[in-house]
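Peer 1: Got a predicted model here, sequence first, then my questions.
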Protein chains: 2
Amino acid sequence: MASEEPSLPEMNRIRQAHKVLKEYIHYTPVMTSSSLDKFSGINLHFKCENFQKTGSFKIRGCMFAVDNFCKEKTIPPILVTHSSGNHGVALSKCAKIRGLQAHVIMPDTNKYKQSAVKANGAEIHLCGDSEQARVDMTNQIMKELGPAAVFISPHSDPDVIAGQGTVGIEILEQVPHVDAIVVAVSGGGLAAGICIAAKSIKPSIHIYAAEPESANDCAQSFAAKKRITLKTSPVTIADGLRQSVGTLTWPVLQEHLTDVITVTEEEIISAMYLSWERLKIIVEPSAAAAIAASFKLKHPSSSTGVQNVCVVVCGGNVDLASIPPKP
Amino acid sequence: MASEEPSLPEMNRIRQAHKVLKEYIHYTPVMTSSSLDKFSGINLHFKCENFQKTGSFKIRGCMFAVDNFCKEKTIPPILVTHSSGNHGVALSKCAKIRGLQAHVIMPDTNKYKQSAVKANGAEIHLCGDSEQARVDMTNQIMKELGPAAVFISPHSDPDVIAGQGTVGIEILEQVPHVDAIVVAVSGGGLAAGICIAAKSIKPSIHIYAAEPESANDCAQSFAAKKRITLKTSPVTIADGLRQSVGTLTWPVLQEHLTDVITVTEEEIISAMYLSWERLKIIVEPSAAAAIAASFKLKHPSSSTGVQNVCVVVCGGNVDLASIPPKP
C-alpha cells in the first residue's frame, strides 16, 4: 500500500524498537519441560509470546509501527489492517492505547480473535478467506476513509518487522546458549525479524521456519530458491499461518533460514494437546506448528545436530469452542 | 494410619520444609491478568502451582514427608498412599527421585493422572470412588506389604501440611501486599498449611476456602462450627475436591478461615475456560473452583472489602479428553 518499495530494517532499528516497546509489552518468560525434552530428545526452550499482551507477539510490530506513524502524521491517523486475527487484535489494542480509530478486515475464522478486536473498540469488516479478498476489501475501506487512513501491514512493513525482531533479541538475552530457533512462518514478519536480530547477535545460530504442509509456500520457495505463493486459500487449523511469505520478507528468509520444516494437521493438533498437558500453557495451533516442527529436529532419519533449541510460542488465542477433540 | 494422633506443624517446621524443598521444587510464578481484574473488580494474583513439578502443589508435602521418613527408617520404606490423583502423582515422583517403591490406591476418574503415576514407575491399585473404599484397600495393601510400608497421607500428616504451607510463604514473598488468599479445600492439607504460614507472617490476611457446592462439607462445618463429613461420594468435575476435611486439618481451618465460598459446577467450568483463554494457562477443575470463588469476592450483594487477592492455582493436571465443551 506504500507508494515506494520499503526496505528491510537493520539491527539498530530492531534495538530502537526494543527500547520504544519496553513500556508497552511484557518481557515474556522462557519455559522448559523435562518431559518434552525427553520426548523430543533435545533441550527445548519455549519463548512464551502467548503470555504477551493481546495474546501474541503481534503487538510488538504493531505498536512500533503505530508509534512511528503518530510521530510522522499531523492529524491523528485512522489505523487499518487486514489480518487472520492476531495482528488485528494487536492493532485494535494499539489504537485503544493511543485513542485512535481502527478498522480491521478479517476472515470469519476465529471467534475469539473477533471478540478481542471488538472489545478493544475497533471496527471489524468480515471478508472472504483468500488473500485477494482481504486486499480488495482493504483497498475499498482505505479509499472510503480518506487521507487520514494508514495501512499497517501484518508483515510487509519495516517497522513491523523491526518490532517482531525484538523477540530474537530477548531469546538471546534469556537463553544465549541455544543453537537453533524454530519459528512458524506465514507472511514472514516474525521469522524475518528474528533472522535479522538473532543472526546479528549470534551468526552461528540456526533458524528453522515451521509451516503446515497444506500452506507450504515457504518450503516450496526455499527448495526452488525463489518466492512461490499459494494459489488457493489453504485448509489448516493453524489460522495464523494461511498467508504466503511476502516480497519484503522473502529475501531475508532465503538468506538466513537453515531449513523449512512442514508439519501435518495431525502433528499440529497432537503438539497442541501435548503442550497444554505438559507445559500447562495454552498455545494456539500456529504456535503448535512450530512446536511440532521442533519435535522433528532429532528424528533418527534426519537429525540436524542441534541440541539446544528455542521454539517461539507465537500466540495463545485459541477459539476453544472450535478445537477438535484430543486425538 | 499412625498409631498416635499427630499434631499440627508450627511455623518453624514450615520454614524448615521450605529450605529442604528448595532443591526439589519450582518456585512457581505469580501471574496477573488485566482482563480478569476488570471481570472480577479486584486485583487478582495467581500462584501457579500448575507449573509445579508433577503439575500440582502436592509434591511439596509429599517430598518433605518422604525426606523425613527416609531419615527415620533404617530400611528403605515402601511408600503407599490413596489419592484422587495429584498426591499419587507426587508420591510416585518422590519415590522415583529416591529410588523407592510406591503403591498408589486411586479411583478410576482421571486417566491423565493415572498415566503420570505409571510413568513414574509406581504401582496403581484402582479402587471405588468413596473415601471408605480408598481406606479399605489401603489397609489391605499396607498389610500385604509388611513392615517396610509407610503410609503418606494426602492431608493428615504434619509434614505434608508443613510442605503445603510453603505455598503461603512464597505468596507473601512474591505479593506481600495481598489482603486475601483463596484456596480450594478437600482434605484440607493445603488450606491448613497456608493458614498457619500466612497468618503467622501477616496476621491481618483473610483466607477463603473454596469448595464445589456438591462437596460442601467445609462450608457446612464452618457454619455448624464442628466438623461435618460428606455421607456419599460427591459428583463434581473437580476430581481433586471430593474428600472431606480431615480431623487434623479441621481445627486450623475453623480458627483461621474468614469464610468458605461454594461454587457450582457451571461456575467451575466457566472459570476454567476463562482462565485458559485469558491467562493462557491450563488450570484443572479443582484450581478453577478457587478462581470461580475469587470472582465472588466483590459481588455487589456480598462484597467482602478485599481488593488484592492471591488465588492458589493448585494444579493443571486435566484429563483433556474428558472435559465438557466450552459453555
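Peer 2: Perfect, thanks for sending it. Residues are numbered from 1 along each chain as shown, chains lettered A, B, ... in the order given.
Peer 1: Quick one: mean pLDDT over the helix or strand that contains A:Val182.
Peer 2: For A:Val182, the host element (DSSP states H and E) is strand A:180-184. The average pLDDT for strand A:180-184 rounds to 98.
Peer 1: any idea how far that strand is from the chain center?
Peer 2: 11 Å (C-alpha atoms, centre = their mean, to the nearest Å).
Peer 1: What are the buried residues along that strand?
Peer 2: By neighbour count on 16 or more other C-beta atoms under 10 Å in any protein chain shown, the buried set for strand A:180-184 is A:Ala180, A:Ile181, A:Val182, A:Val183, A:Ala184. Backbone N, C-alpha and C define where each C-beta goes, glycine included.
Peer 1: For A:Ile194, which non-adjacent residue is spatially closest?
Peer 2: Spatially, and ignoring its direct neighbours in sequence, A:Ile194 is nearest to A:Gly168 (3.9 Å; C-beta to C-beta, 6 or more residues apart in numbering or on different chains).
Peer 1: The one you found: neighbour count?
Peer 2: Residues within reach of A:Gly168, counting by other C-beta atoms under 10 Å in any protein chain shown, total 31.
Peer 1: Now the phi/psi pair for it, please.
Peer 2: phi -70, psi -40 (degrees, to the nearest 10).
Peer 1: dump the residue contacts of it.
Peer 2: Applying C-beta atoms under 8 Å, 6 or more residues apart in numbering or on different chains to A:Gly168 gives the contacts A:Ile14, A:Ile181, A:Gly193, A:Ile194, A:Cys195, A:Ile196, A:Ala197, A:Ala198, A:Ile201.
Peer 1: Go through stretch A:260-276 and flag the buried ones.
Peer 2: Under 16+ other C-beta under 10 Å, the buried positions of stretch A:260-276 are A:260-263, A:265, A:267-276.
Peer 1: Correction: the previous question concerned stretch A:154-173.
Peer 2: Buried, per 16+ other C-beta under 10 Å, within stretch A:154-173: A:154-172.
Peer 1: And stretch A:118-136, by the same measure?
Peer 2: Judged by neighbour count (16+ other C-beta under 10 Å), stretch A:118-136 contains these buried residues: A:Asn120, A:Ala122, A:Ile124, A:Cys127, A:Asp129, A:Glu131, A:Arg134.
Peer 1: Looking at those, which is nearest A:Ile78?
Peer 2: Using C-beta to C-beta, A:Ala122 is the member of the buried residues of stretch A:118-136 that lies nearest A:Ile78, at 10.5 Å.
Peer 1: Check which residues of stretch A:29-41 are buried.
Peer 2: Using 16+ other C-beta under 10 Å as the test for burial, stretch A:29-41 gives A:Val30, A:Met31, A:Ser33, A:Leu36, A:Ser40.
Peer 1: and A:Val178, how many neighbours does it have?
Peer 2: 24.
Peer 1: these two touch, right, it and A:Phe46?
Peer 2: No - under the criterion of C-beta atoms under 8 Å, A:Val178 makes no contact with A:Phe46, lying 11.3 Å away.
Peer 1: Any chance you could list residues touching both of the two?
Peer 2: A:Cys310.
Peer 1: thinking again about what came up before, list the strands paired with the strand holding A:Val182, with their directions.
Peer 2: Paired with strand A:180-184 in the same sheet, following DSSP bridges, are strand A:206-212 (parallel), strand A:308-313 (parallel).
Peer 1: Same list, those strands, but as CSV with mean pLDDT and distance to B:Ala293 please.
Peer 2: Output for the strands paired with strand A:180-184, formatted as CSV (pLDDT from 0 to 100; distance: least, C-beta to C-beta, whole Å):
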stretch, mean pLDDT, distance to B:Ala293
strand A:206-212, 98, 40
strand A:308-313, 98, 30
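Peer 1: ok, so of the buried residues of strand A:180-184, who is nearest chain B?
Peer 2: A:Ala184 (16.7 Å; C-beta to the nearest C-beta).
Peer 1: Relative to A:Gly85, how far out is the nearest residue to the closest one once chain neighbours are set aside?
Peer 2: Ranked by C-beta to C-beta, 6+ apart and with sequence neighbours excluded, the top spatial neighbour of A:Ala184 is A:Ala290, at 4.4 Å. Going from A:Ala290 to A:Gly85 by C-beta to C-beta, to the nearest Å gives 17 Å.
Peer 1: out of these two, which sits in the busier spot?
Peer 2: Of the pair A:Ala290 and A:Gly85, A:Ala290 is the one with more neighbours under other C-beta under 10 Å, namely 31 against 28.
Peer 1: Kindly indicate whether that one is helix, strand or coil.
Peer 2: Secondary structure for A:Ala290, judged by DSSP: H, G, I helix; E, B strand; the rest coil, is helix.
Peer 1: quick one, what contacts it?
Peer 2: A:Val182, A:Val183, A:Ala184, A:Ala210, A:Val311, A:Val312, A:Val313, A:Cys314.
Peer 1: Which positions in chain A make contact with chain B?
Peer 2: Residues of chain A found near chain B (C-beta under 8 Å from any C-beta of the partner chain) are A:29, A:31, A:50-51, A:55, A:112, A:273, A:276-277, A:280-282, A:316, A:318, A:320-321, A:325-326.
Peer 1: at 6 Å instead, please
Peer 2: A:Asn50, A:Phe51, A:Tyr273, A:Trp276, A:Lys280, A:Ile281, A:Ile282, A:Gly316, A:Leu320, A:Ala321, A:Lys326 (C-beta under 6 Å from any C-beta of the partner chain).
Peer 1: tell me the strands in the stretch 101-250 of chain A, going along the chain?
Peer 2: A:102-107, A:123-127, A:149-151, A:180-184, A:206-212 (DSSP state E, counting those that start in this stretch).
Peer 1: Using a markdown table, lay out these together with distance to B:Gly246.
Peer 2: Below are the strands of the stretch 101-250 of chain A laid out as a markdown table (distance: least, C-beta to C-beta, whole Å):
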| stretch | distance to B:Gly246 |
| --- | --- |
| strand A:102-107 | 53 |
| strand A:123-127 | 53 |
| strand A:149-151 | 63 |
| strand A:180-184 | 48 |
| strand A:206-212 | 49 |
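Peer 1: Of all these, which one is nearest A:Ala224?
Peer 2: Set against A:Ala224 and scored by C-beta to C-beta, the strands of the stretch 101-250 of chain A come closest in strand A:206-212, at 14.5 Å.
Peer 1: in the sheet, who's paired with the nearest residue to A:His177 once chain neighbours are set aside?
Peer 2: Spatially, and ignoring its direct neighbours in sequence, A:His177 is nearest to A:Asn308 (5.6 Å; C-beta to C-beta, 6+ apart). When bridges are called by DSSP bridges, A:Asn308 pairs up with A:Asn43.
Peer 1: What residues does A:Asn308 make contact with?
Peer 2: A:Asn43, A:His177, A:Val178, A:Asp179 (C-beta atoms under 6 Å, 6 or more residues apart in numbering or on different chains).
Peer 1: these two touch, right, the last one and A:Val306?
Peer 2: Yes - shown here, A:Asp179 and A:Val306 form a contact pair, counting by C-beta atoms under 6 Å, at 5.1 Å.
Peer 1: which two of the buried residues of stretch A:260-276 lie the greatest distance from each other?
Peer 2: Within these, A:Val260 and A:Trp276 form the most distant pair, 25.7 Å apart (C-beta to C-beta).
Peer 1: quick one on the thing from earlier: including distance to A:Ala102, could the strands paired with strand A:180-184 go into JSON lines?
Peer 2: Converted to JSON lines, those look like this (distance: least, C-beta to C-beta, whole Å):
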{"stretch": "strand A:206-212", "distance to A:Ala102": "29"}
{"stretch": "strand A:308-313", "distance to A:Ala102": "26"}
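Peer 1: Looking at the residue most central in space within chain A now. What's its pLDDT?
Peer 2: In chain A, the centroid-proximal residue (C-alpha atoms, centre = their mean) is A:Leu190; its distance is 4.8 Å. Looking at A:Leu190, its pLDDT is 98.
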